[in-house]
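Peer 1: Below is the structure, and that's it, no one-letter string:
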């Protein structure tokens with residue numbers, strides 16, 4: 001046996017000299033133990049599920065799951081894998097762990113992970129047959145709007161946008177309507193939709209229409225749309241789920257086996273999957289989701305209350321304020337009626353003041369994205385929603401003077417002081 005054979009067959013598995021008999025025992029043990037999961041009880045609370053959901057016990061007894069970088073997996077004979085994996089595009093240990101965790105946190109049976117939130121959106125829309133019709137709220141993330149109008153439309157899926165979904169739904173549903181898309185709260189005007197009311201309305205019109213809810217702004221900690229009648233819940237896991245601004249990733253969860261199998265097929269066929277390392281990072285990040293989102297919500301509430309009282313601010317959009325137009329729905333759909341970490345507000349002085357304010361903060365970083373431990377801000381009209389025509393933008397409440405805040409988990413008083421001083425600078429002539 002030459003040196004290379006010894007190196008790759010016996011030394012590399014654990015960086016030590018291992019006998020062939022040990023390798024055999026290792027493989028047998030792998031089959032027996034690798035897929036053992038932490039058994040969660042139905043009564044386990046969110047924090048317990050966040051820490052333990054999707055956790056597998058590997059052969060070494062690792063407390064933290066190892067990163068499985070292998071693209072392919074050994075087979076003992078043709079079509080007979082040594083373990084349960086064959087090729088990493090189809091499934092990978094780290095991605096499967098993350099998918100199981102997402103399903104558990106969203107109170108779903110099935111989870112899928114993708115290379116980005118946009119890839120998740122694309123896969124869901126790809127599942128619709130050509131000639132389909134979709135309905136979406138008008139105040140939707142710019143990237144989602146772009147996909148509906150520039151990509152799905154080119155593939156034969158027509159989308160109708162509405163700023164009053166519940167009222168207009170009966171008149172918008174067509175014979176070929178296959179899907180209704182909601183963000184709640186919306187990006188960036190923080191409108192809240194009564195998911196149960198929409199689900200009930202859809203089922204009364206056509207029980208085959210799929211209801212999709214983008215839960216990115218709240219995370220599974222604050223709301224679980226499947227509990228209110230959604231068929232699919234989607235997230236840009238880049239945001240709160242990962243929570244550290246170092247992963248681009250998307251996820252979805254569902255309780256419908258047929259939907260899951262269709263979307264899983266597309267996940268594999270299209271190949272828009274996250275890497276093992278990104279899956280591992282996102283799974284690690286969500287273990288502190290409840291702590292991060294709760295603190296961000298408390299900080300955001302303090303800031304929103306101040307903004308509401310400031311003469312330098314025209315209007316404040318924040319679901320955690322009792323003055324929010326759908327606060328009764330917030331109390332029903334959100335954990336403890338928490339508003340989340342996202343705020344938007346219209347600043348006195350127009351677009352010039354919005355630009356000046358966003359360039360004058362010390363702790364809030366001017367950048368797109370949201371949901372990280374650090375605080376960010378942006379001006380949607382020229383950043384995340386810059387590709388939407390102005391008339392359509394403003395019809396949804398996205399004005400040139402609108403500023404969006406992603407409130408992080410720094411000290412709340414420090415963040416509030418930063419907002420105050422930036423407002424004062426923006427107000428100076």
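Peer 2: Yep, it's here. From a predicted model like this one, the values you see are computed outputs, not experimental measurements. Residues are numbered from 1 along each chain as shown.
Peer 1: For the rest of this, base every contact and every neighbour count on C-alpha atoms.
Peer 2: OK.
Peer 1: residues in contact with residue 124?
Peer 2: Neighbouring residues of residue 124 by CA atoms under 8 Å, 6 or more residues apart in numbering: residue 263.
Peer 1: May I ask which helix or strand encompasses it?
Peer 2: Assigned by DSSP states H and E, residue 124 belongs to helix 117-126.
Peer 1: now that helix: mean pLDDT?
Peer 2: Taken as a whole, helix 117-126 has a mean pLDDT of 98.
Peer 1: Please verify my assumption that residue 218 contacts residue 338.
Peer 2: No: applying CA atoms under 8 Å, one finds residue 218 not in contact with residue 338, separated by 9.3 Å.
Peer 1: for the nearest residue to residue 402 once chain neighbours are set aside, phi and psi?
Peer 2: Nearest residue to residue 402 in three dimensions, chain neighbours excluded: residue 346, at 4.4 Å (CA to CA, 6 or more residues apart in numbering). Dihedral pair for residue 346: phi -100, psi 130, per degrees, to the nearest 10.
Peer 1: wait, what's in contact with residue 346?
Peer 2: By CA under 8 Å, 6+ apart, the neighbours of residue 346 are 313, 314, 315, 316, 399, 401, 402, 403.
Peer 1: Of those, which is the nearest to residue 298?
Peer 2: Minimum distance to residue 298 across the contacts of residue 346 is 16.3 Å, recorded for residue 316 (CA to CA).
Peer 1: average pLDDT across the helix or strand containing the closest one?
Peer 2: Assigned by DSSP H and E, residue 316 belongs to strand 313-317. Here strand 313-317 scores 98 as its mean pLDDT.
Peer 1: Report the mean per-residue pLDDT for the following helix or strand past that strand.
Peer 2: Sequence-wise, the next helix or strand downstream of strand 313-317 (DSSP H and E) is helix 327-333. Averaging pLDDT along helix 327-333 gives 98.
Peer 1: Name the surrounding residues that touch helix 327-333.
Peer 2: The contact list for helix 327-333, computed with CA under 8 Å, 6+ apart, reads 192, 193, 194, 223, 224, 319, 320, 321, 337, 338, 339.
Peer 1: I'd like the distance between residue 297 and residue 164.
Peer 2: 27 Å (CA to CA, to the nearest Å).
Peer 1: And those two? Which one has more around it.
Peer 2: Taking other CA atoms under 10 Å, residue 297 and residue 164 do not tie; residue 297 has more neighbours (23 against 11).
Peer 1: Can you spell out which helices and strands pack onto the helix or strand where that one lies?
Peer 2: Element membership of residue 297 [criterion: DSSP H and E] is helix 289-309. On a contact count with 3 or more CA pairs under 8 Å, 6 or more residues apart in numbering; DSSP states H and E, helix 289-309 meets helix 46-52, helix 219-222, strand 313-317, strand 342-347, helix 412-427.
Peer 1: Figure out which of these is closest to residue 268.
Peer 2: Of all the helices and strands packed on helix 289-309, helix 219-222 sits nearest to residue 268, with 25.0 Å by CA to CA.
Peer 1: I'd like the average pLDDT over that closest one.
Peer 2: Average pLDDT, helix 219-222: 99.
Peer 1: Can you tell me what sits against it?
Peer 2: 46, 105-106, 235, 240-241, 289-290, 293, 334-335, 338, 340.
Peer 1: Out of those residues, which is nearest to residue 122?
Peer 2: Checking these one by one against residue 122 (CA to CA), the nearest turns out to be residue 235, at 12.6 Å.
Peer 1: okay but residue 321 is in contact with residue 303, surely?
Peer 2: No: look at residue 321 against residue 303 with CA under 8 Å: they stay out of range, at 10.8 Å.
Peer 1: Next one: the spatially closest residue to residue 292 that is not a sequence neighbour from residue 79, what distance?
Peer 2: Of all residues beyond its chain neighbours, the one nearest residue 292 is residue 409 (6.6 Å), with distances taken as CA to CA, 6+ apart. For residue 409, the distance to residue 79 equals 49 Å [CA to CA].
Peer 1: can you check residue 161 too?
Peer 2: Separation of residue 161 from residue 79 (CA to CA) stands at 47 Å.
Peer 1: higher neighbour count, these two?
Peer 2: Per other CA under 10 Å, whichever of residue 161 and residue 79 has more neighbours is residue 161, with 19 against 8.
Peer 1: in this structure, which ranges drop under the pLDDT threshold?
Peer 2: 1-38 (pLDDT under 70).
Peer 1: give me the element the spatially most central residue of the chain is part of.
Peer 2: Most central in the chain under CA atoms, centre = their mean is residue 235, positioned 2.1 Å from the mean C-alpha point. Using DSSP H and E, residue 235 sits in strand 232-236.
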